[in-house]
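K.L.:
I'd like to go over a predicted model; first the sequence, then the structure.
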Amino acid sequence: MSVTRSCRAWLSFFATRVFGMAVDAATIGAAYLAAFVLRFDFAEPSWGWRKVALSYAIVCMVHILALLVCGCYRLAWRRTSVRDLPRYASAMALACCVLTAMRFFMPDVALAHIRPPYSITLMSFVLGTIGIMAVRVLWRISWTSRRDDEELLERNEKTFDNAVAARFLAGRTVMVTGAGGTIGSELVRQVAAAGAAKLLMVERCENALYEIDREMRSRRLSTELLPLMVDVNDRSKMDGILAAESPSVVLHAAAYKHVPMVELNPEEGWRNNTEATRQLAELSAARGVERFVLISTDKAVNPVSVMGKTKLAAERAVMAMNSNASTTSFCAVRFGNVFGSSGSVVPLFRELIAKGGPVTVTHPDMKRYFMTVQEAVSLVLQAASRSERAIYTLDMGAPVKILDLAENMISQMGYRPYVDIPIVFTGVRPGEKLFEEIDVSEKSAFKTDMAKIYITRGETVPAADSR
């Protein structure tokens, strides 16, 4: 498969270069014709347009060869920057010198179809240089404007129902754990935007907490912010916070999420992902929290990794709390990868591409579900506003092949996959699946009246019992 893709990449490379030469030939031709028109005041030269056309063939060949010699066709147009422009100017100057030399050593007017006059050479040099550079710069601008994460995901649908979140969260005290992480920080942003009265940001990483607190305070929102540098595993401190602040909603995002790391540190993964969740759920019930939402993962479905098993156990611990005589409504929300989250494949690929590669992919058939963090969090808050004590599953659309993602990211950053940046396969790591098994079909889930939010079958306490 990789050989076939590599061959296609090289064929595409040669095809684009041929196309580039054709565009350059047209640009040089337009500049050459404009030079004659300006030089002879729109009149026909004394030796006729036929000889002008014949001389263009020589002029074009000289310019294309000069561009080749100067390495201009090794540069992708979409990567053209200011520092590359001198190379194009040098190539055009080289062509101008060659044509000037031809005119000097072949002064006979009968050879006008071989060499142009000095004035035409100089004018076409100026016009051609401007044209060659302009084509590339305009293409770069056009390409840059099209770069978008959604383009990589091959999707453009977003679901930001701020009204639902606002009705649910306005005026409440909300706790977000893992508030400095990718998901936690976006929860903080959207909860504050929804009009929560007070926001408890629980995060054990000092720098992450500082950054999200600084960002939120710069927005000058009406929500009262309370940054709390606390480990969710610390039972006494978490209980003290719940007792003192009495949040009505707990959004529990704190967790270890990297499969290889948890695979190597299973005891810590269990302590942080499962036991801390169970403990926080118990404390929330004891302190009268109204709604407890566990941020879960598609890896909890038929898990093979330690991380997936710890999250499945956390789900079960949370859902078991619903059988108690507690007024707290417990739920979990499952979804796949958050596009661009820290430590995920997207920033890793960007780092590898910036270094010149190779980009490492575990297996050519590896697929994953992706959502933008804004869309995922919006849907989490919509699910949180519902009454079911359930495990919700988000509809993430079609899974994305990681190899396709790698190729698209390389192309988006202005390089050519397999040509400029190699792709190598490293093998599936312990605990990884080729395909995650998130399922929103009728056999596995009930569709809700909210777009893209489903309830997992067999994991629900009837809504009438929930509050």
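P.N.:
Arrived safely.
K.L.:
Can you give me every residue that contacts residue 200?
P.N.:
173-176, 226, 228, 241, 245, 247 (C-beta atoms under 8 Å, 6 or more residues apart in numbering). Just so you know, the C-beta spots here come from the backbone N, C-alpha and C atoms, and that holds for glycine as well.
K.L.:
how's the protein carved up into domains?
P.N.:
2-146, 152-465 (automatic domain parsing).
K.L.:
and among these, the most buried is which?
P.N.:
Most buried of the domains of the chain, by mean neighbour count (mean count of other C-beta atoms under 10 Å): domain 152-465, with a mean of 19.
K.L.:
Do me a favour and average the pLDDT over that one.
P.N.:
Domain 152-465 shows a mean pLDDT of 88 in the predicted model.
K.L.:
quick one: low-confidence ranges for the stretch 1-150 of the chain?
P.N.:
For the stretch 1-150 of the chain, residues meeting the criterion pLDDT under 70 lie at 1-3, 109-113, 143-150.
K.L.:
for it, what spans make up the helices?
P.N.:
For the stretch 1-150 of the chain, applying DSSP state H, counting those that start in this stretch gives helices covering 2-39, 48-69, 85-105, 118-146, 149-153.
K.L.:
can I get these in JSON lines with distance to residue 295?
P.N.:
Shown next, in JSON lines, are these (distance: least, C-beta to C-beta, whole Å):
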{"stretch": "helix 2-39", "distance to residue 295": "36"}
{"stretch": "helix 48-69", "distance to residue 295": "54"}
{"stretch": "helix 85-105", "distance to residue 295": "48"}
{"stretch": "helix 118-146", "distance to residue 295": "32"}
{"stretch": "helix 149-153", "distance to residue 295": "20"}
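K.L.:
returning to what we had before: in strands, which of the contacts of residue 200 appear?
P.N.:
173-176, 226, 228 (DSSP state E).
K.L.:
which among the residues you listed gets closest to residue 308?
P.N.:
Using C-beta to C-beta, residue 176 comes nearest to residue 308 of the ones in strands among the contacts of residue 200, at 23.3 Å.
K.L.:
Just grab the bridge partners of that closest one for me.
P.N.:
residue 201, residue 251 (DSSP bridges).
K.L.:
what about residue 454, which helix or strand?
P.N.:
strand 453-461 (DSSP states H and E).
K.L.:
and if you look at residue 435?
P.N.:
Secondary structure (DSSP H and E) places residue 435 outside all helices and strands.
K.L.:
Which residues are in contact with the closest residue to it other than its chain neighbours?
P.N.:
Once flanking residues are discounted, residue 435 sits nearest to residue 367: 5.2 Å by C-beta to C-beta, 6 or more residues apart in numbering. Contact partners of residue 367, counting by C-beta under 8 Å, 6+ apart, are 399-402, 434-436.
K.L.:
so what's residue 367 bridging to?
P.N.:
Applying DSSP bridges, one finds that residue 367 bridges with residue 401.
K.L.:
Tell me how far it lies from residue 433.
P.N.:
9 Å (C-beta to C-beta, to the nearest Å).
K.L.:
before we move on, what about residue 100?
P.N.:
Counting by C-beta to C-beta, the gap from residue 100 to residue 433 is 66 Å.
K.L.:
Same check on residue 66?
P.N.:
54 Å.
K.L.:
likewise residue 445?
P.N.:
Residue 445 is 20 Å from residue 433, by C-beta to C-beta.
K.L.:
what do residue 367 and residue 433 both touch?
P.N.:
If you check residue 367 and residue 433 against C-beta under 8 Å, 6+ apart, no residue is contacted by both.
K.L.:
could the contacts of residue 367 go into JSON lines alongside distance to residue 79?
P.N.:
Below are the contacts of residue 367 laid out as JSON lines (distance: C-beta to C-beta, whole Å):
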{"residue": "399", "distance to residue 79": "30"}
{"residue": "400", "distance to residue 79": "24"}
{"residue": "401", "distance to residue 79": "25"}
{"residue": "402", "distance to residue 79": "24"}
{"residue": "434", "distance to residue 79": "33"}
{"residue": "435", "distance to residue 79": "34"}
{"residue": "436", "distance to residue 79": "34"}
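K.L.:
Please identify which of these is nearest to residue 350.
P.N.:
Among the contacts of residue 367, and counting by C-beta to C-beta, the member closest to residue 350 is residue 402, at 14.1 Å.
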